[in-house]
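Visitor: coords please:
(2 chains)
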Amino acid sequence: MKLIINKLSFNYKSVAALKDVELELGLDEVLGIVGPNGSGKSTLLKCIDRILKPNQGAVLIDGRDAANIGLGELSKIIGYVPQSSTSTFPFTVFDVVLMGRRPYIRWSVSESDKEIVAEILKFLGISELAARHFNELSGGEQQKVIVARALAQQPQILLLDEPTSNLDIKHQLEVLSIVKSLTRSRQLSVIMAMHDLNLASRFSDRMLMLKHGCIFAVGTPESVLTEENIESVYGVKSHVTNSVLDKPQVTPIAPTTIDLENSKMMSKITSKHK
Amino acid sequence: MSTASEVKRLYTKAKARKVLAILSVFVVLLIAIVISVSLGAGSPRFMDVMQVIFSKLFPFLEIDPGSQITQIIILDIRLPRIVLAIIAGAGLAASGASMQGVLRNPLVSPYILGIASAAGFGAALAFVLGIGIFMPLEGYVVVANAFIFSMLAMLMVYGIARLRGITPESVILAGVAVGYLFSAMLSLIQYIAPEHQAVRAIVYWLLGRLSNAEWESVLIILPIVLVAVVLMMRHSWDMNVMSLGDEVAMSLGVNSRRVLVICMALGALATASIISFTGIIGFICLVSPHIARMMIGSDHRFLLPCSIVLGAGLLLCSDTLARLVLMPSEVPVGIVTSLIGVPFFLYLLLSRRRQLWH
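Guide: Now for the predicted structure:
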């Protein structure tokens, strides 16, 4: 599936969250979206999946405007993994992953639905969790279950909203390696919003840097993650080196907003109060 | 490492267990029916009861139906009451289960939409002032009033929630507000009502009872509840998916706002049509889904049927007790539902260690 985003804009009430975003997603590609809090990463993902309706512009899937594709059909093309998930009511892991078959199920669960769910659980190495209750799992296990749920939709495009923000380093690497390998084995294109620049750099084929809802930079991790870009988008002085994995490695040093003069003034003010 | 086929078998087994649980509750319900029909004032012998029922069920067998009095007690007094208890219990429980599902809140019941106090207010208006909106419907003034005001409450909740955007929170808050409004007006009516008699009638109505059950009311309630329940069942998968939140529901092709409005309307309709005849029977709609969830989990494809048979059974047992404990007088069934429901519920609650909701 080819995804093209055409001059997309979105406003929350009167506040612009995305402005004229243009993007093309290649087949089997992992695109990492980075940018500070509030730069529009999550909003962009939600606009692509029609969870939010863009005010302007269009999302084209194989040339068709997503607005004209029904929610039901779209759910067979795009899978979405939110930042965090809880289930209001107790469901087993199998039940949660089975929910990913909702677009294909009318009432009863077929043998092939069960087959697909069982295979995905196995693929993600979480077969043992099948009968456990979702809400009783650790954050890392839950994240894998939610990825499994999205994969059960058998999507061609997978959207991940900060898939690693609550995970320890082992689970971070596991989840992202799984995602990366999926793009190869299942012809899946992935867009993921990330906070961790180094993980994004390591697992993305291409990166997109957002600032105030606009695309600031797009390209290979090497071309996007430069000291200049990071300073003007995040307001953070950093040091970028080449890591042992031959990817850019960002070491943040200090926010540009706190300069030496300022901190001296601050200490004066606080000492006066004492 | 469990294999894929083992995982599949696990799921199939879990499903069989759920079906079995529902069937066993159903069997208990059937037994309760048999017991209930043969107990009560001027009680005919068990065999006489069966004789009457079988003679009517299978007229071609030409069984002697027995004495006239027995026939009247069974066919015109006890059976309609039992059937009404089953339908009302089932309808209330189904409404509760789907309302909790779409509002994603295990503490809500259809009464959260203010329809109980609105129904009470409508009934009170009829009792005290003799004001009916449908005066021509002689004999149904109280029923029609209660129904119309509960529908009015639902529309008010919908209208208010829409102003803020339909979300579970806005619906619940609007429901609480509308509920308080109508209960204040209900109190006002009781306070200014001149006759002692009318106030007593209101209090009695508010406690809920099935003693005035007739085949006629069964025939009015049954189709409404049946249609509502079938339509709720059709949204079982949607309710499951909505448990993971609006965004996930939408990404799975479910328009959660639409499902919320539909199921809310269906629950309100079924509940209103029941309580207009019976008065306010509490507890069943809140607690049947909980008991069902503890028994078989949260998959609404099983949760709804399980709640339905549980609700029917609970209300039937409560009403049978209500008839019997103070014979020849009666206890309002609304009191009994809580009295026998609470210990049962607490037992289940304390005997399970699993977290029940998030």
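Visitor: next one: the most centrally placed residue in chain B from A:R202, what distance?
Guide: Computing the C-alpha centroid of chain B and ranking residues by Cα atoms, centre = their mean puts B:L92 first, at 1.6 Å. Taking Cβ to Cβ, to the nearest Å as the measure, B:L92 falls 56 Å from A:R202. No exception for glycine: its C-beta is placed from N, CA and C like everyone else's.
Visitor: about what we covered before: average pLDDT for whatever helix or strand the residue nearest to the centre of chain B lives in, rounded please.
Guide: Using DSSP states H and E, B:L92 sits in helix B:79-103. Taken as a whole, helix B:79-103 carries a mean pLDDT of 94.
Visitor: once you drop chain neighbours, what's closest to the residue of the stretch 101-250 of chain A found nearest chain B?
Guide: Chain B sits closest to A:A118 of the stretch 101-250 of chain A, with a gap of 3.8 Å, by Cβ to the nearest Cβ. Spatial nearest neighbour of A:A118, excluding adjacent residues (Cβ to Cβ, 6 or more residues apart in numbering or on different chains): B:A4 at 3.8 Å.
Visitor: now for residue 154: which residues touch it?
Guide: By default, I'm working from chain A. A:K76, A:I116 (Cβ atoms under 8 Å, 6 or more residues apart in numbering or on different chains).
Visitor: actually, chain B is the one I wanted.
Guide: Contacts of B:M154 were listed using Cβ under 8 Å, 6+ apart, and they are B:L113, B:G114, B:I115, B:M264, B:A265, B:A268, B:L269, B:A272.
Visitor: contact partners for the first one?
Guide: When you say that, I think you mean B:L113. B:L113 neighbours (Cβ under 8 Å, 6+ apart): B:M99, B:A153, B:M154, B:V157, B:V171, B:G175, B:V178, B:G179, B:M264, B:G267, B:A268.
Visitor: one more: the second one?
Guide: B:G114 is in contact with B:A153, B:M154, B:M156, B:V157, B:G175, B:V176, B:A177, B:V178, B:G179, B:Y180, B:L181, B:F182, counting by Cβ under 8 Å, 6+ apart.
Visitor: for PyMOL, write the select line for the buried members of the residues you listed.
Guide: Those of those that count as buried under 16 or more other Cβ atoms under 10 Å in any protein chain shown are selected in PyMOL with:
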select buried, chain B and resi 153+154+156+157+175+178+179+181+182
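Visitor: in helices, which of the contacts of B:G114 appear?
Guide: B:A153, B:M154, B:M156, B:V157, B:G175, B:V176, B:A177, B:V178, B:G179, B:Y180, B:L181, B:F182 (DSSP state H).
Visitor: and those residues, which is closest to B:V229?
Guide: B:M154 (17.6 Å; Cβ to Cβ).
Visitor: can you give me the strands for the stretch 51-200 of chain A?
Guide: Here the stretch 51-200 of chain A has its strands, by DSSP state E, counting those that start in this stretch, at A:56-61, A:64-65, A:78-81, A:157-161, A:189-193.
Visitor: and the third one, which strands flank it?
Guide: Partners of strand A:78-81 in the sheet, by DSSP bridges, are strand A:157-161 (parallel).
Visitor: which residues sit against the strand it pairs with?
Guide: A:1, A:3, A:25, A:41-42, A:45, A:48-49, A:61, A:77-83, A:147, A:150-151, A:179, A:182, A:188-193.
Visitor: can you say which of the residues you listed are buried?
Guide: Here, 16+ other Cβ under 10 Å leaves A:3, A:25, A:41-42, A:45, A:48-49, A:61, A:77-82, A:147, A:150-151, A:179, A:182, A:188-193 buried among the contacts of strand A:157-161.
Visitor: coming back round to it: can you tell me which of the strands of the stretch 51-200 of chain A is nearest to B:I33?
Guide: strand A:78-81 (48.1 Å).
Visitor: please tell me how far the closest one is from the chain's geometric centre.
Guide: 9 Å (Cα atoms, centre = their mean, to the nearest Å).
Visitor: thinking B:S217 is in contact with B:I274, fair?
Guide: No. Using Cβ atoms under 8 Å, B:S217 is not in contact with B:I274; the gap is 9.7 Å.
Visitor: quick one: which of the two has more around it?
Guide: B:I274 (31 against 23; other Cβ atoms under 10 Å in any protein chain shown).
Visitor: Three-state assignment for the more buried one, please.
Guide: When classified by DSSP: H, G, I helix; E, B strand; the rest coil, B:I274 comes out as helix.
Visitor: that one reaches B:V218, doesn't it?
Guide: No. The criterion here is Cβ under 8 Å, and B:I274 misses it with B:V218 at 11.0 Å.
Visitor: okay, and the common contacts of the two?
Guide: Common neighbours of B:I274 and B:V218 (Cβ under 8 Å, 6+ apart) are B:I87.
Visitor: nearest spatial neighbour of A:L71, skipping sequence neighbours?
Guide: For A:L71, the spatially nearest residue (Cβ to Cβ, 6+ apart) is B:G253, at 4.4 Å.
Visitor: that neighbour: how many residues sit nearby?
Guide: Applying other Cβ under 10 Å, we find 19 residues neighbouring B:G253.
Visitor: now it: phi and psi?
Guide: phi 90, psi 20 (degrees, to the nearest 10).
Visitor: so it makes contact with A:R101?
Guide: No. With contact defined as Cβ under 8 Å, B:G253 does not count as touching A:R101 (11.2 Å).
Visitor: show me what contacts the residue nearest to A:L71?
Guide: With Cβ under 8 Å, 6+ apart, B:G253 has these contacts: A:G70, A:L71, A:G72, A:E73, A:L74, A:S75, A:K76, A:R102, A:P103.
Visitor: tell me which strands and helices the helix or strand containing B:A32 is in contact with?
Guide: Using DSSP H and E, B:A32 maps to helix B:4-37. Judged by 3 or more Cβ pairs under 8 Å, 6 or more residues apart in numbering or on different chains; DSSP states H and E, helix B:4-37 is in contact with helix A:93-99, helix A:111-123, helix B:79-103, helix B:284-296, helix B:300-324.
Visitor: nice, that's everything, thank you.
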